[in-house]
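Participant: Prediction below, plus the sequence it came from.
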Amino acid sequence: MKNLILTTAALALSAAMALAESHETTVRLGTEGAYAPYNFINDSGEVDGFERELGDALCAHAALTCKWVTNDWDSIIPNLVSGNYDAIIAGMSITDERKEVVDFSENYTPPSPSAYIALSADADVSGGVVAAQTGTIQANHVVDTGATLLEFPTPDETVSAVRNGEADAAMADKDYLIPIVEGDSDIVFVGGDIPLGGGIGMAFRKSDPELRGKFTAAIQAMKTDGTLNALIKKWLGEASPTF
Amino acid sequence: MARPGFFLPKILKSNAHQGEQPILSCADPKTLESLHWLACYLTTGKHMAFYSSFGTVLLLLAVTAPAALAFGFGGAMAARSGFAPLRWCGKGYTAIVRGVPDIAFFLFFVIALDQGFEWLRHKVKCPDWDMPVRQGSDFVVCDAAKMPLSSSPQWVHESYGFAIAVLTFAIVFGAFAANVLYGAMGTVPRAQIETAEAYGLSHRQTFWRILVPQMWVFALPGLGNLWMILIKATPLLFLLGVEDIVYWARELGSSKTAVFDFPHPDWRLYYFLTLLVFYLALTRVSEVVLSRVNMRLSHGQATVAGDAQRRAA
């Protein structure tokens, strides 16, 4: 009983401290809002998805007040380094190229596979025309395979390019493609899974190690207590790799 | 399948007004039949944001056009100045801004302008800050110097973005307007200026009372062109972070998987057709208004249109 009272008191105290601290700074989280189920604008016009729920949970863990900002994918890193928001949480894979400009938190998804989709299972993905979103690890991979890369500003347009025959295939994160393949009988996966990148992480300014530390600690806490795995299962599917 | 229609939201509204349980409820979209589904779909929060973004675009046009004209007038006056440094400024402004591609200018300038403001505020508000403002590719100012503050409500951020957009549009289109006005000022018949001088009007009086009132008719075709281009340039707004009609059309029209309440295939065609109608209507109205203004301005002028009016009278 005594223990219970102590715990309650400690909880109340830490909550009060968290509340007091949270008034000091607001952390602005930048996302794309066009990459369901990771992040998208739901029908009431708000940011929703795996990263919305994860970001809110991380902010609660780190006792920060967070606000969501949407930004075009093309200029998402320039706007971070020039200080328009404080972190990127937009399905961004951790790569060495991006690490030259920004610092990443610990990854919050395991390295997840990418995949090709096409109208038929025998599409030529190494010699044909393959669509991918500009500035993604998939776009780099397509160039490396020797296929002709067709770039689009949003992932949805890469899928449209496959539907209307402009591209032979499209490449994206498998978690993004699964609901599309399930919802359209014409579209099929081509070949197996291709592991790319070092998992998805939040990106921060290099000059902001303090904030990065807070979020990495929160991610570790959510990995340990299993809530992160539950979120991955809920949004990215039962088959998606967990920690 | 069902086509977008604009008569449907009305049904929904009239029922919602009755105070009782509305007959049309959007609680579970997956169970609705097609017409009802469409009514609910077209009145989601996201669609409301789409409809209000038409207002954003019209507001931008209404604010930017006079602002760009002011920039253009200032630029043309500077380019005509007898004081050499001022003349160089005016000529340099038109030459540089007209020569740089719009998109490059919009991407570079907005971030530069924003950082410029923040740097000035940083200097004033945090004089004892010891870290460098530039750290590698990072731009770091103290929290108090942020523009707007990180803790500001969302509408402040949106208004700030909008204001930056207006300023950028005004600077870009002002440069083109400056060139048009500069040319128009040079087209006013020399005899008019000489007559004014013969009457003993000062340089300033000649400029404001003789030159400026007569130059508009020569400037109008050029300014009319600029206005049309400005209307069509408004989709650049999204580059500046303002969510305009093209952004929402792309966002709403893109195919929606089962994660969304209202899944649908790629409907961008319908959304962009709506935009087509909107832009065509806007440019048509502009054409009518501009031709009326032209009639007005030609009155009494020594131009072909002015002569025709004189003969008809």
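Facilitator: Structure received. Residues are numbered from 1 along each chain as shown, chains lettered A, B, ... in the order given.
Participant: Show the low-confidence segments of chain A, by residue range.
Facilitator: Scanning chain A for pLDDT under 70 picks out A:1-24.
Participant: for it, longest strand please?
Facilitator: strand A:188-195 (DSSP state E).
Participant: Tell me which strands it pairs with, and in which orientation.
Facilitator: Applying DSSP bridges, strand A:188-195 is found paired with strand A:113-118 (antiparallel).
Participant: now the strands for the stretch 1-150 of chain B?
Facilitator: For the stretch 1-150 of chain B, strands defined by DSSP state E, counting those that start in this stretch occupy the ranges B:134-135, B:138-139.
Participant: Which residue ranges make up the domains of chain A?
Facilitator: A:2-110+A:199-236, A:113-195 (automatic domain parsing).
Participant: Out of these, which is closest to residue B:273?
Facilitator: Residue B:273 sits nearest to domain A:113-195 of all the domains of chain A, at 16.2 Å, using C-beta to C-beta. Where you see a C-beta, it was placed from the backbone N, CA and C, and this is true even at glycine.
Participant: List the residues that contact residue A:223.
Facilitator: Residue A:223 sits next to A:229, A:243 when contact means C-beta atoms under 8 Å, 6 or more residues apart in numbering or on different chains.
Participant: what comes up buried for stretch B:114-134?
Facilitator: B:114-115, B:118-119, B:121-122, B:133 (16 or more other C-beta atoms under 10 Å in any protein chain shown).
Participant: Give me the contact list for it.
Facilitator: A:82-84, A:207, B:139-142, B:144-147, B:164.
Participant: picking that back up, point out the most buried one among the strands of the stretch 1-150 of chain B.
Facilitator: strand B:138-139 (a mean of 20; mean count of other C-beta atoms under 10 Å in any protein chain shown).
Participant: and the helix or strand following that strand, what other elements does it pack with?
Facilitator: Going down the chain from strand B:138-139, the next helix or strand is helix B:154-187, by DSSP states H and E. Judged by 3 or more C-beta pairs under 8 Å, 6 or more residues apart in numbering or on different chains; DSSP states H and E, helix B:154-187 is in contact with helix B:45-80, helix B:84-99, helix B:102-125, helix B:212-233.
Participant: From the chain's centroid, how far away is helix B:154-187?
Facilitator: 8 Å (C-alpha atoms, centre = their mean, to the nearest Å).
Participant: just stretch A:178-196 next, same as before
Facilitator: 19 Å.
Participant: contacting residues for residue A:217?
Facilitator: With C-beta under 8 Å, 6+ apart, residue A:217 has these contacts: A:61-62.
Participant: So for the strand or helix carrying it, what gets flagged as buried?
Facilitator: Residue A:217 belongs to helix A:209-224 when elements are defined using DSSP H and E. Using 16+ other C-beta under 10 Å as the test for burial, helix A:209-224 gives A:211-212, A:214-216, A:218-219, A:222-223.
Participant: circling back: now distance to residue B:67 too, for the domains of chain A, in TSV please.
Facilitator: Putting the domains of chain A into TSV (distance: least, C-beta to C-beta, whole Å) gives the following:
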stretch	distance to residue B:67
domain A:2-110+A:199-236	23
domain A:113-195	29
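Participant: tell me the phi and psi of the residue positioned nearest the centre of chain A?
Facilitator: Taking C-alpha atoms, centre = their mean as the criterion, residue A:91 is the residue nearest the geometric centre of chain A, at 1.7 Å. Main-chain dihedrals, residue A:91, degrees, to the nearest 10: phi 60, psi 30.
Participant: Could you do residue A:34 as well?
Facilitator: According to degrees, to the nearest 10, residue A:34 has phi -140, psi 30.
Participant: which stretches of chain A form helices?
Facilitator: A:2-22, A:50-61, A:76-81, A:96-99, A:137-145, A:155-163, A:174-183, A:209-224, A:227-236 (DSSP state H).
Participant: Single out the most deeply packed of these.
Facilitator: Highest mean neighbour count among the helices of chain A (mean count of other C-beta under 10 Å): helix A:155-163, a mean of 23.
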